[in-house]
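Colleague: compute the structure for the input listed below.
(one chain, ligands or ions: 1)
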Amino acid sequence: MSNAVALREKLQQHFSKIPANEQSSAWEQMWQQKVTPWDRSKPNPALIEALKKEKKLLGPSVVDGKRKKALIPGCGGGYDILLLASYGYDALGVDAALSAIEACRSLHNAENNAEVKQYPVKSEDIGAGSADFQQADFFKHEFAGQFDLIYDYTFLCALPPEIRPSWAKRMSSLLAPDGVLICIEFPLKKPLSAGGPPHGVSAALYYELFKTPGVDPIRDENGEILSIGRPYATDGLKREARWIPEESHHAGQGMDAVSFWRHCNQ
Ligand SMILES: C[S@@+](CC[C@H](N)C(=O)[O-])C[C@H]1O[C@@H](n2cnc3c(N)ncnc32)[C@H](O)[C@@H]1O
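Modeller: From the prediction side, this is the model:
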(Lines give C-alpha, C1' and ligand atoms only; values in the text may rest on other atoms or scores of the structure.)
Protein backbone atom coordinates (compact mmCIF):
# COMPACT_ATOMS: atom_id res chain seq x y z
CA MET A 1 0.00 0.00 0.00
CA SER A 2 1.43 3.42 -0.93
CA ASN A 3 2.07 5.95 1.78
CA ALA A 4 -0.60 8.31 0.39
CA VAL A 5 -3.22 5.54 0.37
CA ALA A 6 -2.29 4.53 3.94
CA LEU A 7 -2.60 8.15 5.09
CA ARG A 8 -5.99 8.54 3.39
CA GLU A 9 -7.23 5.39 5.12
CA LYS A 10 -5.97 6.62 8.48
CA LEU A 11 -7.72 9.97 7.97
CA GLN A 12 -11.00 8.30 7.10
CA GLN A 13 -10.80 5.87 10.01
CA HIS A 14 -10.04 8.68 12.46
CA PHE A 15 -13.11 10.70 11.47
CA SER A 16 -15.41 7.70 11.20
CA LYS A 17 -15.39 7.52 15.00
CA ILE A 18 -16.04 11.22 15.66
CA PRO A 19 -19.52 12.79 15.76
CA ALA A 20 -20.13 15.50 13.14
CA ASN A 21 -20.32 18.35 15.67
CA GLU A 22 -16.93 17.44 17.19
CA GLN A 23 -14.92 17.01 14.01
CA SER A 24 -13.43 20.52 13.74
CA SER A 25 -11.31 20.00 16.87
CA ALA A 26 -10.25 16.51 15.70
CA TRP A 27 -8.08 17.84 12.84
CA GLU A 28 -5.32 18.95 15.21
CA GLN A 29 -4.47 15.32 15.94
CA MET A 30 -4.13 14.59 12.20
CA TRP A 31 -1.79 17.55 11.78
CA GLN A 32 0.31 16.46 14.76
CA GLN A 33 0.58 12.93 13.35
CA LYS A 34 1.39 14.33 9.89
CA VAL A 35 -1.67 12.66 8.38
CA THR A 36 -2.04 15.38 5.72
CA PRO A 37 -2.31 13.49 2.41
CA TRP A 38 -3.92 16.53 0.67
CA ASP A 39 -0.81 18.70 1.23
CA ARG A 40 1.25 19.14 -1.98
CA SER A 41 3.60 21.82 -0.55
CA LYS A 42 2.62 24.31 -3.25
CA PRO A 43 -0.37 26.38 -4.34
CA ASN A 44 -2.98 24.59 -6.41
CA PRO A 45 -2.20 25.24 -10.13
CA ALA A 46 -5.97 25.38 -10.70
CA LEU A 47 -6.15 28.53 -8.54
CA ILE A 48 -3.34 30.13 -10.57
CA GLU A 49 -5.27 29.25 -13.74
CA ALA A 50 -8.45 30.73 -12.22
CA LEU A 51 -6.73 34.02 -11.34
CA LYS A 52 -5.28 34.33 -14.84
CA LYS A 53 -8.25 33.12 -16.87
CA GLU A 54 -11.08 34.88 -15.04
CA LYS A 55 -9.50 38.32 -14.69
CA LYS A 56 -12.66 40.00 -15.98
CA LEU A 57 -14.97 38.14 -13.61
CA LEU A 58 -12.68 38.71 -10.61
CA GLY A 59 -11.79 42.33 -11.41
CA PRO A 60 -8.62 43.98 -10.12
CA SER A 61 -7.31 43.04 -6.67
CA VAL A 62 -6.76 46.72 -5.81
CA VAL A 63 -9.49 49.31 -6.44
CA ASP A 64 -8.93 53.04 -5.87
CA GLY A 65 -5.81 52.21 -3.88
CA LYS A 66 -7.75 49.82 -1.62
CA ARG A 67 -6.81 46.16 -1.52
CA LYS A 68 -9.58 43.61 -1.82
CA LYS A 69 -9.99 41.12 1.04
CA ALA A 70 -9.68 37.38 0.45
CA LEU A 71 -10.52 34.46 2.74
CA ILE A 72 -9.57 30.78 2.68
CA PRO A 73 -11.46 28.72 5.27
CA GLY A 74 -9.61 25.51 6.20
CA CYS A 75 -6.45 27.01 4.68
CA GLY A 76 -4.21 24.07 5.64
CA GLY A 77 -0.50 24.80 5.03
CA GLY A 78 -1.22 28.30 3.65
CA TYR A 79 0.31 28.06 0.13
CA ASP A 80 -2.82 29.44 -1.54
CA ILE A 81 -2.94 32.35 0.92
CA LEU A 82 0.56 33.42 -0.10
CA LEU A 83 -0.48 33.09 -3.73
CA LEU A 84 -3.51 35.38 -3.23
CA ALA A 85 -1.35 37.89 -1.34
CA SER A 86 1.14 37.85 -4.22
CA TYR A 87 -1.78 38.77 -6.51
CA GLY A 88 -2.41 41.88 -4.41
CA TYR A 89 -5.18 40.69 -2.06
CA ASP A 90 -5.09 41.13 1.69
CA ALA A 91 -5.55 37.44 2.41
CA LEU A 92 -6.74 35.74 5.59
CA GLY A 93 -6.36 32.00 6.16
CA VAL A 94 -8.41 30.37 8.89
CA ASP A 95 -7.93 26.84 10.15
CA ALA A 96 -9.29 24.99 13.17
CA ALA A 97 -5.95 23.25 13.77
CA LEU A 98 -3.28 25.27 15.56
CA SER A 99 -0.54 23.15 13.95
CA ALA A 100 -1.84 24.17 10.50
CA ILE A 101 -1.66 27.83 11.46
CA GLU A 102 1.86 27.37 12.82
CA ALA A 103 2.85 25.73 9.51
CA CYS A 104 1.35 28.72 7.63
CA ARG A 105 3.25 31.20 9.77
CA SER A 106 6.58 29.44 9.33
CA LEU A 107 6.00 29.21 5.55
CA HIS A 108 5.21 32.94 5.53
CA ASN A 109 8.35 33.77 7.53
CA ALA A 110 10.44 31.65 5.18
CA GLU A 111 8.88 33.36 2.16
CA ASN A 112 9.63 36.75 3.65
CA ASN A 113 13.24 35.72 3.48
CA ALA A 114 14.30 36.72 -0.06
CA GLU A 115 16.32 33.54 -0.55
CA VAL A 116 13.28 31.28 -0.58
CA LYS A 117 10.80 33.59 -2.29
CA GLN A 118 8.79 31.54 -4.77
CA TYR A 119 5.53 33.50 -5.09
CA PRO A 120 5.80 36.13 -7.82
CA VAL A 121 4.47 39.59 -7.05
CA LYS A 122 1.86 40.22 -9.74
CA SER A 123 2.97 43.73 -10.61
CA GLU A 124 5.35 46.31 -9.20
CA ASP A 125 2.53 48.88 -9.28
CA ILE A 126 0.27 47.13 -6.83
CA GLY A 127 2.83 45.06 -4.90
CA ALA A 128 1.83 42.16 -2.66
CA GLY A 129 -1.00 42.28 -0.16
CA SER A 130 -0.81 40.99 3.39
CA ALA A 131 -1.03 37.35 4.48
CA ASP A 132 -2.61 36.71 7.84
CA PHE A 133 -3.45 33.43 9.58
CA GLN A 134 -5.83 32.68 12.43
CA GLN A 135 -6.73 29.56 14.31
CA ALA A 136 -10.53 29.54 14.36
CA ASP A 137 -13.59 27.45 13.65
CA PHE A 138 -15.04 28.78 10.38
CA PHE A 139 -18.58 28.29 11.69
CA LYS A 140 -18.08 30.14 14.98
CA HIS A 141 -15.47 32.81 14.31
CA GLU A 142 -16.59 36.46 14.31
CA PHE A 143 -15.06 37.79 11.12
CA ALA A 144 -14.45 41.54 10.83
CA GLY A 145 -16.64 42.14 7.77
CA GLN A 146 -17.17 40.41 4.45
CA PHE A 147 -14.73 39.27 1.75
CA ASP A 148 -14.35 40.18 -1.92
CA LEU A 149 -12.90 36.78 -2.74
CA ILE A 150 -13.40 33.46 -0.95
CA TYR A 151 -11.68 30.28 -2.04
CA ASP A 152 -12.62 26.72 -1.12
CA TYR A 153 -10.37 23.83 -1.90
CA THR A 154 -10.82 20.53 -0.02
CA PHE A 155 -12.66 22.31 2.78
CA LEU A 156 -16.25 21.40 1.86
CA CYS A 157 -15.26 17.78 1.22
CA ALA A 158 -13.44 17.66 4.58
CA LEU A 159 -16.67 18.42 6.46
CA PRO A 160 -19.28 15.82 7.43
CA PRO A 161 -22.00 15.92 4.71
CA GLU A 162 -24.74 16.96 7.20
CA ILE A 163 -22.88 20.26 7.77
CA ARG A 164 -22.97 21.23 4.08
CA PRO A 165 -26.05 23.49 4.30
CA SER A 166 -24.38 25.48 7.13
CA TRP A 167 -21.24 25.76 5.00
CA ALA A 168 -23.28 27.25 2.12
CA LYS A 169 -25.08 29.67 4.45
CA ARG A 170 -21.82 30.84 6.01
CA MET A 171 -20.13 31.26 2.61
CA SER A 172 -22.95 33.37 1.28
CA SER A 173 -23.08 35.55 4.40
CA LEU A 174 -19.31 36.16 4.33
CA LEU A 175 -19.22 37.00 0.61
CA ALA A 176 -19.39 40.76 -0.06
CA PRO A 177 -22.33 41.91 -2.27
CA ASP A 178 -20.13 42.01 -5.39
CA GLY A 179 -17.64 39.37 -4.20
CA VAL A 180 -16.67 36.14 -5.97
CA LEU A 181 -16.45 32.68 -4.44
CA ILE A 182 -14.12 30.21 -6.18
CA CYS A 183 -14.72 26.53 -5.46
CA ILE A 184 -12.50 23.73 -6.61
CA GLU A 185 -15.11 20.99 -6.76
CA PHE A 186 -13.39 17.87 -5.45
CA PRO A 187 -13.73 14.88 -5.35
CA LEU A 188 -16.14 14.52 -8.25
CA LYS A 189 -17.08 10.94 -9.14
CA LYS A 190 -16.63 9.64 -5.59
CA PRO A 191 -19.94 8.32 -4.25
CA LEU A 192 -21.03 9.62 -0.86
CA SER A 193 -21.36 6.00 0.27
CA ALA A 194 -17.55 5.65 -0.03
CA GLY A 195 -17.24 7.84 3.07
CA GLY A 196 -14.58 10.43 3.79
CA PRO A 197 -12.95 12.81 4.26
CA PRO A 198 -12.78 13.62 1.45
CA HIS A 199 -16.56 13.17 1.01
CA GLY A 200 -17.78 13.04 -2.60
CA VAL A 201 -19.30 16.13 -4.24
CA SER A 202 -21.03 16.89 -7.55
CA ALA A 203 -21.79 19.90 -9.72
CA ALA A 204 -25.47 19.53 -8.75
CA LEU A 205 -24.57 19.59 -5.05
CA TYR A 206 -22.96 23.06 -5.27
CA TYR A 207 -25.80 24.32 -7.42
CA GLU A 208 -28.49 23.23 -5.00
CA LEU A 209 -26.60 24.25 -1.86
CA PHE A 210 -26.07 27.80 -3.12
CA LYS A 211 -29.53 28.34 -4.55
CA THR A 212 -31.06 28.34 -1.10
CA PRO A 213 -28.13 28.56 1.36
CA GLY A 214 -28.88 26.69 4.59
CA VAL A 215 -31.28 24.21 3.00
CA ASP A 216 -30.29 20.58 2.45
CA PRO A 217 -30.64 19.48 -1.21
CA ILE A 218 -33.46 17.04 -1.91
CA ARG A 219 -32.30 13.58 -2.98
CA ASP A 220 -33.87 10.62 -4.73
CA GLU A 221 -33.96 7.15 -3.19
CA ASN A 222 -30.39 6.49 -4.42
CA GLY A 223 -29.05 9.59 -2.71
CA GLU A 224 -28.68 11.53 -6.00
CA ILE A 225 -29.42 15.24 -5.71
CA LEU A 226 -32.62 16.34 -7.42
CA SER A 227 -32.75 19.70 -9.11
CA ILE A 228 -36.26 20.72 -8.16
CA GLY A 229 -36.17 24.16 -9.72
CA ARG A 230 -36.88 26.03 -6.50
CA PRO A 231 -36.32 29.78 -6.81
CA TYR A 232 -33.15 31.49 -5.62
CA ALA A 233 -33.29 32.71 -2.03
CA THR A 234 -32.39 36.36 -1.49
CA ASP A 235 -29.00 35.25 -0.13
CA GLY A 236 -28.56 32.67 -2.93
CA LEU A 237 -25.45 32.47 -5.11
CA LYS A 238 -25.52 31.88 -8.86
CA ARG A 239 -22.86 30.18 -10.89
CA GLU A 240 -20.98 32.49 -13.24
CA ALA A 241 -18.52 30.03 -14.78
CA ARG A 242 -17.33 26.43 -14.48
CA TRP A 243 -14.51 24.63 -16.25
CA ILE A 244 -12.10 21.72 -15.89
CA PRO A 245 -8.60 22.93 -14.98
CA GLU A 246 -5.73 22.16 -17.33
CA GLU A 247 -3.43 21.68 -14.38
CA SER A 248 -4.34 21.03 -10.78
CA HIS A 249 -3.46 18.76 -7.89
CA HIS A 250 -5.83 16.23 -9.55
CA ALA A 251 -5.81 17.25 -13.22
CA GLY A 252 -6.55 14.50 -15.72
CA GLN A 253 -8.28 12.32 -13.13
CA GLY A 254 -11.74 13.78 -13.77
CA MET A 255 -11.85 14.48 -10.06
CA ASP A 256 -12.08 18.27 -10.00
CA ALA A 257 -13.61 21.33 -11.65
CA VAL A 258 -13.40 25.06 -10.91
CA SER A 259 -16.60 27.04 -10.36
CA PHE A 260 -17.27 30.74 -9.71
CA TRP A 261 -20.21 32.10 -7.71
CA ARG A 262 -21.68 35.52 -6.92
CA HIS A 263 -24.81 36.79 -5.23
CA CYS A 264 -27.80 36.18 -7.46
CA ASN A 265 -28.93 39.82 -7.28
CA GLN A 266 -25.62 41.04 -8.84
C1 LIG B 1 -8.34 18.64 3.68
S2 LIG B 1 -7.61 19.94 4.54
C3 LIG B 1 -7.40 21.14 3.25
C4 LIG B 1 -6.39 22.20 3.53
C5 LIG B 1 -6.16 23.24 2.44
N6 LIG B 1 -7.38 23.82 1.93
C7 LIG B 1 -5.33 22.69 1.32
O8 LIG B 1 -5.81 22.63 0.20
O9 LIG B 1 -4.18 22.31 1.54
C10 LIG B 1 -8.98 20.58 5.46
C11 LIG B 1 -8.56 21.62 6.48
O12 LIG B 1 -9.74 22.19 7.07
C13 LIG B 1 -9.50 22.41 8.45
N14 LIG B 1 -10.82 22.45 9.11
C15 LIG B 1 -11.69 21.43 9.29
N16 LIG B 1 -12.81 21.86 9.90
C17 LIG B 1 -12.65 23.21 10.10
C18 LIG B 1 -13.47 24.23 10.65
N19 LIG B 1 -14.68 23.97 11.14
N20 LIG B 1 -12.99 25.50 10.67
C21 LIG B 1 -11.76 25.79 10.17
N22 LIG B 1 -10.94 24.85 9.63
C23 LIG B 1 -11.38 23.58 9.59
C24 LIG B 1 -8.60 21.24 8.86
O25 LIG B 1 -7.85 21.51 10.01
C26 LIG B 1 -7.72 21.06 7.62
O27 LIG B 1 -6.51 21.77 7.70
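
Colleague: use CA for all of it now, contacts and neighbours both
Modeller: Will do.

Colleague: how much space separates Ser24 from the ligand?
Modeller: In this view, Ser24 and the ligand are 4 Å apart by Cα to the nearest ligand atom, to the nearest Å.

Colleague: go on, Gln146?
Modeller: Distance of Gln146 to the ligand, given as Cα to the nearest ligand atom: 17 Å.

Colleague: in contact with that residue, which residues?
Modeller: Gln146 is in contact with 69, 173-176, counting by Cα atoms under 8 Å, 6 or more residues apart in numbering.

Colleague: closest to Pro120 among the residues you listed?
Modeller: Nearest to Pro120 among the contacts of Gln146, counting by Cα to Cα, is Lys69 at 18.8 Å.

Colleague: report the beta-bridge partners for that closest one.
Modeller: Following DSSP bridges, Lys69 is listed with bridge partners Asp90.

Colleague: surely it is in contact with Asp90?
Modeller: Yes. Counting by Cα atoms under 8 Å, Asp90 is a contact partner of Lys69 at 4.9 Å.

Colleague: I'd like the next helix or strand past the longest strand along the chain.
Modeller: Using DSSP state E, we find that the single longest strand of the chain is strand 175-185. Using DSSP states H and E, the helix or strand that follows strand 175-185 in sequence is helix 203-211.

Colleague: for that next one, buried residues please.
Modeller: 203, 205-211 (16 or more other Cα atoms under 10 Å).

Colleague: check the secondary structure at Tyr232 for me.
Modeller: For Tyr232, the assignment made with DSSP: H, G, I helix; E, B strand; the rest coil gives coil.

Colleague: that one is in contact with Pro213, isn't it?
Modeller: No. Using Cα under 8 Å, Tyr232 makes no contact with Pro213, being 9.1 Å away.

Colleague: which one's more surrounded, those two?
Modeller: Neighbour count, other Cα atoms under 10 Å: between Tyr232 and Pro213, Pro213 has more, with 25 against 17.

Colleague: roughly how far does the more buried one sit from Ala233?
Modeller: Per Cα to Cα, to the nearest Å, Pro213 is found 7 Å from Ala233.

Colleague: what of Arg170?
Modeller: With the distance defined as Cα to Cα, Arg170 ends up 14 Å from Ala233.

Colleague: what segments of the stretch 1-150 of the chain are helices?
Modeller: 3-16, 27-32, 45-53, 55-58, 79-86, 98-112 (DSSP state H, counting those that start in this stretch).

Colleague: so which of those is the most packed in?
Modeller: Most buried of the helices of the stretch 1-150 of the chain by mean neighbour count (mean count of other Cα atoms under 10 Å) is helix 79-86; its value is a mean of 26.

Colleague: which neighbouring elements make contact with that one?
Modeller: strand 90-95, helix 98-112, strand 131-135 (3 or more Cα pairs under 8 Å, 6 or more residues apart in numbering; DSSP states H and E).

Colleague: closest to Val35 out of these?
Modeller: Per Cα to Cα, nearest to Val35 of the helices and strands packed on helix 79-86: helix 98-112, 11.7 Å.
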